[in-house]
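Participant: 3D, please:
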Amino acid sequence: MAGLSLHLSEKIFEEDQVKFSDGTSGKITKMGWFETMIQNSDDVVVAIPNSQLTGQRVYNLSRTPHSQVQQTLRIRYEDASKIPLLLETIKEEIRNDCDKLIPGRLRAHWSNFEDDHLQVVVDAHFSIKPTGVAYHDNRQKVLQAIYRAGCGFVGTACYNTSLVCCSSKKNIDRRKRRQRLHIVSADA
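Facilitator: Alright, predicted model coming up:
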């Protein structure tokens, strides 16, 4: 009965990239009457009884035409005055590098006070499906844009506790024009 329900609902089809509310996600490789085969990101194919899938919320990523890249940055309190210029620079870098950006759907804002840092959130929406190489290439462009913007303010920046040096000629010129800022870390 569960297999019939899945087939008739037309919410998912073979080859769709899906995510279920229990966290199960991957590409549907086969839908049978009793079980559905899902290939996860590690290329492992898992057989899941349809009775476990029916009644769950399903996100069909193959039918979603837009994606989002959101990044949280941690900034030291002593650098708070430099945040407005950093945010404008981040937005400028993303706009220049990401041609699939949806107009009006880029935000970069100061979001929270923490004990040892301030939080800044960069939230960008794109007209790219949230799966596949195009999505991951675009996500990398956003992260690189954030990195370049941060490098314009600092000689060294710390992302996820790894020291990263900015030494390109372009970034050296930017450092001469802008104030210095130390980014404590960026959550992935």
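Participant: Which of the three states applies to the spatially most central residue of the chain?
Facilitator: Nearest to the geometric centre of the chain sits residue 69, at 3.2 Å (C-alpha atoms, centre = their mean). Of the three states, residue 69 takes strand according to DSSP: H, G, I helix; E, B strand; the rest coil.
Participant: so it sits right up against residue 137, yeah?
Facilitator: No: taking contacts as C-beta atoms under 8 Å, residue 69 lies outside contact range of residue 137: 11.4 Å. The way it works is simple: take the backbone N, C-alpha and C, and place the C-beta from them, glycine included.
Participant: lowest-confidence helix or strand of this protein?
Facilitator: Lowest on mean pLDDT, DSSP states H and E among the helices and strands of the chain sits strand 162-165, with a mean of 27.
Participant: Which parts of this structure are helices?
Facilitator: 2-9, 50-53, 83-97, 132-151, 169-177 (DSSP state H).
Participant: Now tell me which of these the model trusts least on average.
Facilitator: Note on the helices of the chain: helix 169-177 shows the lowest mean pLDDT, a mean of 38.
Participant: about what we covered before: report the beta-bridge partner residues of the residue nearest to the centre of the chain.
Facilitator: residue 124 (DSSP bridges).
Participant: hmm, who's touching the longest strand seen in the chain?
Facilitator: Counting by DSSP state E, the longest strand found in the chain is strand 101-113. Outside strand 101-113, the residues that touch it by C-beta atoms under 8 Å, 6 or more residues apart in numbering are 66, 72, 83, 87-88, 90-91, 94-95, 118-127.
Participant: now that strand and helix 83-97, what's the angle there?
Facilitator: 160 degrees (axes from the mean of the first three to the mean of the last three C-alpha atoms, to 10 degrees).
Participant: List the neighbouring strands of strand 101-113 plus their orientation.
Facilitator: strand 118-126 (antiparallel).
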